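J.: Coordinates only, no sequence provided:
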């Protein structure tokens, strides 16, 4: 059986289908947050955000101390469980005990304590900058024991709290950047300005272990085979240096400087790079400068902090001005992290345009952690270009990690100089507040839909100002499993909150979708204009699917390209500007009405473009007004649709040319006299021209010299064209008055409609 659909019925079905699609897309709208880019705009407290999207509980993160120093450059854990911090502005080494007590144990004269390591006997090696030295800090008896320190401190520095200090090694270089201790007690010292690495034996004997052609050796690490891994500033080189001091470049990174290193148990080397390479690498301008460009905070009085830490040192101490160059700052294009496999093959596994990596380490789960600035984030790198934003510290830069008891990590920060404990277990509870969503119009809020697992509570609130602290509604708990409304008051703005509770299974929230219905408002016209003699080209129709109407997509503002005009004296172009606060799809109808008429007549309906052109000849000569009606019916059910209308300014249509009457021409002596009358039924005569014997057109004025009436009379004389005498067949000569002359006149009305006429003057 063959089914045949007539063309007009097929067209009707298509119109109904299109209207149905628009109604589906424009009725109830949705706002969904699932992607990292969207979720990172919210406020997370005890919540981690996955790069693949979704929320989970973050590791426990607790403040344990706040120092009076602005910068903490390095931290190390001692064999007894104490934590040591190298700081700057002012330069100090602090000891933080497991019960949270903090004490300054070393105060050098240099501006920064840049690096430190602790050996298995609890001896601390601390390096200072600039023009610094390596100091040896030896623990003695605890304060209050009644005994004095084991050794007197040197003239260059002052030790205390049961520690003695002495200059262990003076490399004679401008900068010392990092220290590393091997199992035999050899100390490796990475320096700047000459790119040298020194080795100092347990007996204090020192020598240049490795000399590079780079300006700075930035970071050091030791692998399982006793090789020294070093990263440089200048060309971004990663070296593997054998115990004999033989160097091999493992990788030349795309970035100019290597800012951090970490090695895992499988032999992979992880390195962070920053800064753009230049033709000539000078002294490092690194991220000491970046750190120091942040405002120096005001130090609060000594005492407990809200996070449980203790502010230590002299609260009234003034920071010492410093401008120590340091590889890494000035890196405005962010950082990259590379993995060099045991076979030597490199891979870029992470990059960020916003974050600079200052430190790398591994957590108890074996995940690579990156401490970054200048937003104070800690990221867990879980795979190639996969990561989790674990923690946002209450400081600008996360600068160092150190192992802590029970699988945790100590974390140091700068701007402010703080110390934290990152636990191996998750928080018992975390809270996430979404970004504020602006519906741009008063809306009714429906159900909240969510995907995830575990114990997760959802809340929502709304308001009519963009700041939730300014008298919004109270938080309303929402049950996504029920089909009931969210009970959030209608308003323009909304925000949702998720509270994740630890349990089995672990809580996870993958996405939240808010249903809402904007209150429909009528379209609003800005202008309607009519241009006679202009034709507007139809706007091109979009091809393919409109992603803005896809389910779950955030509605995007519509953009209509302005119509393209072209000159066409036989056309009339109408264009209009209209907007709709709901951003609805609209349909337009155009009407016209003549002067003196009381009824609007339909010109065209079903328009989707914001312009329409038609032939001027469709309308008799006269004055008219156009009215455009805009309706949002394609986006709403019939009982909800609204419309608006706007009239144009009055315009005139004149397509009929004037008439030329009573044209006469005669020769009167040496002149030709021409007379005629021009008449137009609608508009005044604009101008008249004449031509004699195919000469150029010449302008002529009416008798009264004013072209301002529908009828004008013309009477004028022109010289008889000069002609050369010609000899006829009989040998005679013809004069000018014996020749024939052709006179042509043409007239224009105000709308450039033209008519012409001619007459012939017969010769004698």
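T.: Right, received. Where do you want to start? Keep in mind the model is a prediction, meaning the values are calculated, not measured.

J.: Lowest-scoring secondary structure element of the protein by mean pLDDT?
T.: strand 310-311 (a mean of 33; mean pLDDT, DSSP states H and E).

J.: Which element is encountered next along the chain beyond that strand?
T.: strand 335-340 (DSSP states H and E).

J.: part of a strand, is residue 217?
T.: Yes: when DSSP: H, G, I helix; E, B strand; the rest coil is applied, residue 217 is found to be in a strand.

J.: what residues are up against the closest residue to it other than its chain neighbours?
T.: Computed as C-beta to C-beta, 6 or more residues apart in numbering, the closest residue to residue 217 that is not its neighbour in sequence is residue 190, at 4.0 Å. For the C-beta atoms, the positions are set from N, CA and C on the backbone; glycine is no exception. Counting by C-beta atoms under 8 Å, 6 or more residues apart in numbering, residue 190 touches 176, 177, 178, 179, 180, 197, 216, 217, 218, 219, 220, 230.

J.: How about residue 232?
T.: Shown in contact with residue 232 (C-beta under 8 Å, 6+ apart): 195, 212, 214, 215, 216, 217, 218, 238, 239, 257, 258.

J.: again, only this time at 7 Å
T.: 195, 212, 214, 216, 217, 218, 258 (C-beta atoms under 7 Å, 6 or more residues apart in numbering).

J.: Just the buried ones out of these, please.
T.: The neighbour count (16 or more other C-beta atoms under 10 Å) marks 195, 212, 214, 216, 217, 218, 258 as buried among the contacts of residue 232.

J.: Dump these to JSON lines, plus distance to residue 514.
T.: As requested, those are exported to JSON lines (distance: C-beta to C-beta, whole Å):
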{"residue": "195", "distance to residue 514": "57"}
{"residue": "212", "distance to residue 514": "57"}
{"residue": "214", "distance to residue 514": "54"}
{"residue": "216", "distance to residue 514": "52"}
{"residue": "217", "distance to residue 514": "53"}
{"residue": "218", "distance to residue 514": "48"}
{"residue": "258", "distance to residue 514": "45"}
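
J.: list the buried ones in the one helix or strand residue 425 maps to?
T.: Element membership of residue 425, judged by DSSP H and E, is strand 418-426. Using 16+ other C-beta under 10 Å as the test for burial, strand 418-426 gives 418, 419, 420, 421, 422, 423, 426.

J.: In its sheet, which strands sit next to that strand, and in what direction?
T.: Strand 418-426 has the following strand partners under DSSP bridges: strand 59-66 (antiparallel), strand 409-414 (antiparallel).

J.: Those into a markdown table, with extra columns for distance to residue 437, mean neighbour count and mean pLDDT?
T.: Putting these into a markdown table (distance: least, C-beta to C-beta, whole Å; neighbours: other C-beta atoms under 10 Å; pLDDT from 0 to 100) gives the following:
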| stretch | distance to residue 437 | mean neighbour count | mean pLDDT |
| --- | --- | --- | --- |
| strand 59-66 | 28 | 22 | 94 |
| strand 409-414 | 32 | 28 | 96 |
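
J.: Quick one: closest of the ones you listed to residue 168.
T.: strand 409-414 (23.0 Å; C-beta to C-beta).

J.: The stretch 201-350 of the chain: helices as residue ranges?
T.: Taking DSSP state H, counting those that start in this stretch as the criterion, the stretch 201-350 of the chain carries its helices at 287-292.

J.: Do you know the pLDDT at the closest residue in space to residue 721 that isn't next to it in sequence?
T.: Leaving aside its chain neighbours, residue 721 sits nearest to residue 693 (5.4 Å; criterion: C-beta to C-beta, 6+ apart). On pLDDT, residue 693 comes in at 92.

J.: Same check on the one 5 residues further on?
T.: Per-residue pLDDT puts residue 698 at 96.

J.: How about the contacts made by the residue nearest to it when sequence neighbours are not counted?
T.: Leaving out its chain neighbours, the residue that sits closest to residue 698 by C-beta to C-beta, 6+ apart is residue 690, at 5.7 Å. If a contact means C-beta under 7 Å, 6+ apart, then residue 690 has 674, 698, 700, 743, 744, 745 as its contacts.

J.: Centre of the chain to the helix or strand containing the first one, how far?
T.: Per DSSP H and E, residue 674 falls inside strand 671-679. With C-alpha atoms, centre = their mean, to the nearest Å as the basis, strand 671-679 stands 73 Å off its chain's centre.

J.: Contacts for it, please.
T.: Applying C-beta under 7 Å, 6+ apart, the contact partners of strand 671-679 are 658-666, 685, 688, 690, 692, 710-720, 741, 743, 745, 747, 761.

J.: which intervals of the stretch 251-400 of the chain have sub-threshold pLDDT?
T.: 279-332 (pLDDT under 70).

J.: hmm, 80 instead?
T.: 278-333 (pLDDT under 80).

J.: which stretches of it form strands?
T.: Here the stretch 251-400 of the chain has its strands, by DSSP state E, counting those that start in this stretch, at 255-263, 269-276, 310-311, 335-340, 346-352, 356-362, 368-373, 377-383, 386-392, 397-403.

J.: Which element is encountered next along the chain beyond the strand holding residue 425?
T.: Following strand 418-426 in sequence order, the next helix or strand is strand 429-433 (DSSP H and E).

J.: Can you mark which positions in that following strand are buried?
T.: Within strand 429-433, the residues that count as buried by 16+ other C-beta under 10 Å are 429, 430, 431, 432, 433.

J.: got the phi/psi numbers for residue 617?
T.: phi -70, psi -10 (degrees, to the nearest 10).

J.: Next up, the contacts around it.
T.: By C-beta under 7 Å, 6+ apart, the contact set of residue 617 is 570, 655.

J.: Residue 693 now?
T.: Going by C-beta under 7 Å, 6+ apart, residue 693 touches 721, 741, 742.

J.: Tell me the spacing between the last one and residue 70.
T.: Per C-beta to C-beta, to the nearest Å, residue 742 is found 100 Å from residue 70.

J.: Neighbour count: these two, which is higher?
T.: Counted by other C-beta atoms under 10 Å, residue 742 and residue 70 do not tie: residue 70 has more neighbours, with 24 against 14.

J.: Count the neighbours of the closest residue to the more buried one other than its chain neighbours for me.
T.: Closest residue to residue 70 apart from its sequence neighbours, by C-beta to C-beta, 6+ apart: residue 89 at 4.4 Å. Counted with other C-beta under 10 Å, residues neighbouring residue 89 total 22.

J.: So residue 89 sits against residue 68, correct?
T.: No: Residue 89 is beyond contact range of residue 68, at 9.2 Å (criterion: C-beta atoms under 7 Å).

J.: on that earlier part again, of all the contacts of residue 190, which comes closest to residue 494?
T.: residue 219 (46.8 Å).
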